[in-house]
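Q: how would this look folded up:
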Amino acid sequence: MKRDGNVIMLVLIVSAVCMTTIAFAMESVLIQNRLVLNRRDNIQAELSLERIVAELVIESGDAQNLVKDIISSNKLETYKPSNFPLSIDGMQNTSGIIDFTECDEGSINYTMTVNGLRNGVQDSIIATGHVYNPVIDHCENGLVTLQGKSLEESEEINMFLSEMKQTFEEKEITSDYFLAHNYLENEVEIRAKSSGYRYIDFIRGDHISKYSFWNGKLVLFKEFDGFNRDIIRLEEQSGSLTYGYIMGIIYIEEGDLIISGDMRIFGIVIIENGKLIKEGDGEVLIKGKVIMDNFNQPGEGIEIVYDQEYVRLMARFLPGFISPGIDSIR
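A: Residues are numbered from 1 along each chain as shown. Prediction:
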């Protein structure tokens, strides 16, 4: 009987150990399965968040380009952290916040945080990147030239300007700007003062077409006609009490911009195959950005100051300037 009792005790002990082992194994399997499911949900959540960030930053089809919309519609002082609504399939409690920062040299960067819940698993993603096209978004007192650039950098600037020219749309220019786009004449004279009317003449031989515009807002976009170089003369109007002033865009593909008198230009000046020349004793100030797709330097006495707000205002009208990209995502 004693031997039978020992056998029974041994069976019970072995059974208890086996049951404990089985229970532990089953619990491990369940935990592992739960971890796998959670990891799957995490991966799906991360993919969903990455997809929505890409849609919000890099325009795709009809997707909203949130960064471009905010930059185009708001002044710098309103670039504060702000929440924005979003909906992600398969996720709950989704939310987003975007913040803009200005670098020392004037460039604008963004940080976007997106959160969401999938099957009880919380996940978030943070993306940072640039707002303006990196090809021209660097500042040397607002001046970009080919001087000191590598061959690759020079080709990038050339390609950028070529694409901008090919995709430029008149309809993007708001009605408060006087638009001079691919006119036939190769010589233009603009006379400006600090307020009131400005005058612009298109000259072809002995024929002069005269126009005026009230607010100083001008977009002059002249591509090379294949025959003659363009000459744009911008001068302070005689009798002006202070200085001549215009705000906008001057683009010349093949030609020179000649400035005389006390002049202020607020906006973006682009000269591909030509010179930026100052004549006379007046003071010339350009606030915004000057891009010269050549090795020429602006004439002596022309002061160029980078100004983010004027770049923002004019970049809205120039394809490719506001070109948000994702530099890091985590």
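Q: Whichever helix or strand Ile304 is part of: which residues count as buried?
A: In this structure, Ile304 is located in strand 302-306 according to DSSP states H and E. The neighbour-count check on strand 302-306 (16 or more other C-beta atoms under 10 Å) flags 302, 304-306 as buried. In this view, the C-beta of every residue, glycine as well, is placed from N, C-alpha and C.
Q: closest to Asp99 among the residues you listed?
A: Tyr306 (21.8 Å; C-beta to C-beta).
Q: How much space separates the closest one from Lys287?
A: 8 Å (C-beta to C-beta, to the nearest Å).
Q: Give me the common contacts of those two.
A: Gly142 (C-beta atoms under 8 Å, 6 or more residues apart in numbering).
Q: Now Lys287: closest residue in space that isn't a chain neighbour?
A: Asp307 (4.3 Å; C-beta to C-beta, 6 or more residues apart in numbering).
Q: and the one you found, how far is that from Phe266?
A: In terms of C-beta to C-beta, Asp307 sits 7 Å off from Phe266.
Q: Common neighbours of those two, please.
A: Common neighbours of Asp307 and Phe266 (C-beta under 8 Å, 6+ apart) are 287-288.
Q: didn't Val67 look like it was pressed against Leu56?
A: Yes: with contact defined as C-beta atoms under 8 Å, Val67 counts as touching Leu56 (7.2 Å).
Q: Report the set of residues contacting both of the two.
A: Joint contacts of Val67 and Leu56 (C-beta under 8 Å, 6+ apart) are Met112.
Q: rewinding a little: next, count neighbours for the residue nearest to Lys287.
A: 19 (other C-beta atoms under 10 Å).
Q: same question, Gly226
A: 6.
Q: in the stretch 1-150 of the chain, what spans have low per-residue confidence?
A: Scanning the stretch 1-150 of the chain with the threshold set as pLDDT under 70 gives 1-53, 55, 59-64, 75-80, 86-92, 103-106, 120-122, 139-140.
Q: hmm, try it at 80
A: 1-96, 101-107, 115-125, 137-141 (pLDDT under 80).
Q: Just list the residues touching Tyr245, thanks.
A: Counted by C-beta under 8 Å, 6+ apart, Tyr245 has contacts 192-195, 216, 263-266.
Q: export those residues to a markdown table and tack on pLDDT, secondary structure and distance to Gly255?
A: Shown next, in a markdown table, are the contacts of Tyr245 (pLDDT from 0 to 100; DSSP: H, G, I helix; E, B strand; the rest coil; distance: C-beta to C-beta, whole Å):
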| residue | pLDDT | secondary structure | distance to Gly255 |
| --- | --- | --- | --- |
| Ala192 | 92 | strand | 19 |
| Lys193 | 89 | coil | 24 |
| Ser194 | 87 | coil | 26 |
| Ser195 | 86 | coil | 29 |
| Gly216 | 92 | coil | 22 |
| Met263 | 93 | strand | 18 |
| Arg264 | 95 | strand | 22 |
| Ile265 | 96 | strand | 16 |
| Phe266 | 96 | strand | 22 |
